[in-house]
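Peer 1: Predicted model, plus sequence, below.
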Amino acid sequence: MKYLSGESEFNIHSGHSVPRSVGLARPLLVMIFVFLVLCSTSVSQSSVRPETGTMIKDVARNGYGVLTINNNWTMDTVGVLTDDNLKPLMAVYIRSKDSFKFDKIVDGSYGLYFTIGNNWDANEKEFQDVLGYYHYNPSLVFHTTETTSDIEYSIYELDLYESESSNFVPEIFNFPDLK
């Protein structure tokens with residue numbers, strides 16, 4: 001096609017040219033819109049929601065202790081067991097309304113922390129939308145006693161639920177750095 005000084009070979013006054021070009025533009029606009037919606041959906045869902053039991057941090061475990069966490073919250077959580085210096089030893093992703101069992105926990109005293117939220121960022125090891133940080137008080141103490149016939153060890157089971165009162169102390173504390 002030739003274009004000279006703003007003139008074209010199309011006849012602007014023709015009744016067939018304008019409706020036909022609009023008719024072709026609509027499907028093109030719809031395809032562009034669908035493409036943009038699909039692209040924005042994939043960008044907004046860049047963080048993958050891990051499965052319950054996805055270990056974020058872990059250490060070699062060869063003890064007998066057991067800790068079961070039942071997440072009855074309406075949000076996903078990450079449970080973190082730390083040493084006395086707030087160093088995270090074990091951290092696990094637990095989906096809403098799901099449970100996870102840590103086993104083989106070595107004897108010792110552990111801090112227990114939770115963060116709840118949405119849009120887990122695996123690279124940053126944190127929720128993009130944090131809804132809260134919690135510290136379980138008191139520390140969990142795991143102890144094993146072996147006799148000639150038995151092995152007795154600590155078993156804890158915690159139910160997380162939304163409530164007016166709990167063992168989660170509203171205090172100022174540092175949340176363990178999972179990076």
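Peer 2: Here it is on my side, so go on. Please read all numbers here as calculations on a predicted model, not as lab measurements.
Peer 1: got the contact list for the longest strand along the chain?
Peer 2: When the chain is parsed with DSSP state E, its longest strand is strand 126-142. Contact with strand 126-142 is made by 47, 63, 65, 67, 75-76, 78, 81, 84, 105-121, 153-154, 156, 158, 167-169, 171, 173, 175, 178, as judged by CB atoms under 8 Å, 6 or more residues apart in numbering. For the C-beta atoms, the positions are set from N, CA and C on the backbone; glycine is no exception.
Peer 1: what's downstream of that strand, the next helix or strand?
Peer 2: strand 144-146 (DSSP states H and E).
Peer 1: what packs against that next one?
Peer 2: The contact analysis (3 or more CB pairs under 8 Å, 6 or more residues apart in numbering; DSSP states H and E) places strand 144-146 against strand 151-153.
Peer 1: neighbouring contacts of the strand it packs on?
Peer 2: With CB under 8 Å, 6+ apart as the test, strand 151-153 has contacts from Gly63, Tyr64, Gly65, Val66, Phe142, His143, Thr144, Thr145, Glu146.
Peer 1: Can you check these and name whichever has the most neighbours?
Peer 2: Neighbour tally across the contacts of strand 151-153 (other CB atoms under 10 Å): the maximum, 22 neighbours, falls on Gly65.
Peer 1: ok, it - contacts?
Peer 2: Counted by CB under 8 Å, 6+ apart, Gly65 has contacts Phe102, Asp103, Lys104, Ile105, Val106, Asp107, Phe142, Thr144, Tyr153, Ser154, Ile155, Tyr156.
Peer 1: so what's Asn119 scoring on pLDDT?
Peer 2: Listed pLDDT for Asn119 reads 95.
Peer 1: ok, so what distance separates it from Gln128?
Peer 2: Taking CB to CB, to the nearest Å as the measure, Asn119 falls 4 Å from Gln128.
Peer 1: Select only the buried ones of the contacts of strand 126-142 in ChimeraX?
Peer 2: Remark: buried members of the contacts of strand 126-142, expressed as a ChimeraX selection using 16 or more other CB atoms under 10 Å:
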select :47,63,65,67,75,76,78,81,105,108,110,111,112,113,114,115,116,117,119,120,153,154,156,158,168,175
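Peer 1: Which of the contacts of strand 126-142 fall in strands?
Peer 2: Checking these against DSSP E, those in strands are 65, 67, 76, 78, 81, 105, 108-121, 153, 156, 158.
Peer 1: just to revisit the earlier point, select, from the contacts of strand 151-153, the two members most distant in space.
Peer 2: Farthest apart among the contacts of strand 151-153 by CB to CB are Val66 and Glu146. That separation is 16.1 Å.
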